[in-house]
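Colleague: prediction below, plus the sequence it came from.
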Amino acid sequence: MTNIDVWVGKTLFIPPIVKLCQITKQSQYAVSRLFWFITALDQLRIATSLTSQIIAGLFSIFMMFTASMRADMPAFSMMWFRMVALAFLVLDVFSGVVSGTWRGVEIWVLVLFAEYAATITTIPPKEDKKAARNLRASEAGR
């Protein structure tokens with residue numbers, strides 16, 4: 001299971017998260033909480049009953065305060081939760097293929113982005129293309 005988790009994270013989720021952190025100059029923890037907030041808003045968007053709307057609305061408010069008050073505080077992610085979310089994503093995609101109903105599948109993608117963002121320990125600095133090009137040119141000239 002660990003090999004699957006590492007492969008999925010390094011291949012599918014961590015590279016775009018790192019790029020997003022570099023572009024927005026936000027920490028991986030802030031991005032994780034942002035994706036949890038987007039997940040909560042998406043759940044509110046697809047809620048159909050009054051009860052689910054109230055629960056999703058409360059979750060959205062909670063995640064909004066969490067994202068704003070504790071944005072850069074370290075977050076943690078558990079492998080078993082990521083594997084459960086991945087399993088639900090696979091089941092929802094299979095269900096979408098079979099039934100043609102894709103509503104709610106994106107929630108598991110957002111959850112996985114949020115969880116894998118919390119696993120990143122450091123964000124490498126954004127590579128300056130001009131400096132990298134000059135460095136390569138000076139190394140080639142040696």
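Modeller: Thanks, I have it. Here the structure is a predicted model, which is why all the values come from computation and not from measurement.

Colleague: tell me the contacts of Phe88?
Modeller: Trp108 (CB atoms under 8 Å, 6 or more residues apart in numbering). For the C-beta atoms, the positions are set from N, CA and C on the backbone; glycine is no exception.

Colleague: equivalent analysis for Met63, please.
Modeller: Contacts of Met63 by CB under 8 Å, 6+ apart are 33, 36-37, 39-40.

Colleague: mind checking which of the residues you listed land in helices?
Modeller: Of the positions in the contacts of Met63, 33, 36-37, 39-40 sit in helices, assigned by DSSP state H.

Colleague: ramachandran angles for Thr48?
Modeller: phi -110, psi -30 (degrees, to the nearest 10).

Colleague: how close does it sit to Ile55?
Modeller: From Thr48 across to Ile55, the span is 12 Å (CB to CB, to the nearest Å).

Colleague: ok, back up a step: pick out whichever of the ones in helices among the contacts of Met63 sits closest to Tyr116.
Modeller: Trp36 (12.2 Å; CB to CB).

Colleague: what is the nearest of the ones in helices among the contacts of Met63 to Val93?
Modeller: Nearest to Val93 out of the ones in helices among the contacts of Met63 is Thr39 (CB to CB; 17.0 Å).

Colleague: list the residues that contact that closest one.
Modeller: By CB under 8 Å, 6+ apart, the residues touching Thr39 are 63, 107, 110-111, 114.

Colleague: distance of the residue nearest the centre of the chain from Leu50?
Modeller: Residue closest to the mean C-alpha point of the chain, counted by CA atoms, centre = their mean, is Phe113 at 1.7 Å. Relative to Leu50, Phe113 is positioned 29 Å away (CB to CB).

Colleague: buried only: go through the contacts of Met63 for me.
Modeller: Among those, those classed as buried by 16 or more other CB atoms under 10 Å are 33, 36-37, 39-40.

Colleague: which of Thr48 and Ile55 has more residues huddled nearby?
Modeller: Ile55 (14 against 8; other CB atoms under 10 Å).

Colleague: can you tell me the closest non-neighbouring residue to that one?
Modeller: Leaving aside its sequence neighbours, Ile55 sits nearest to Ala47 (CB to CB, 6 or more residues apart in numbering; 7.7 Å).
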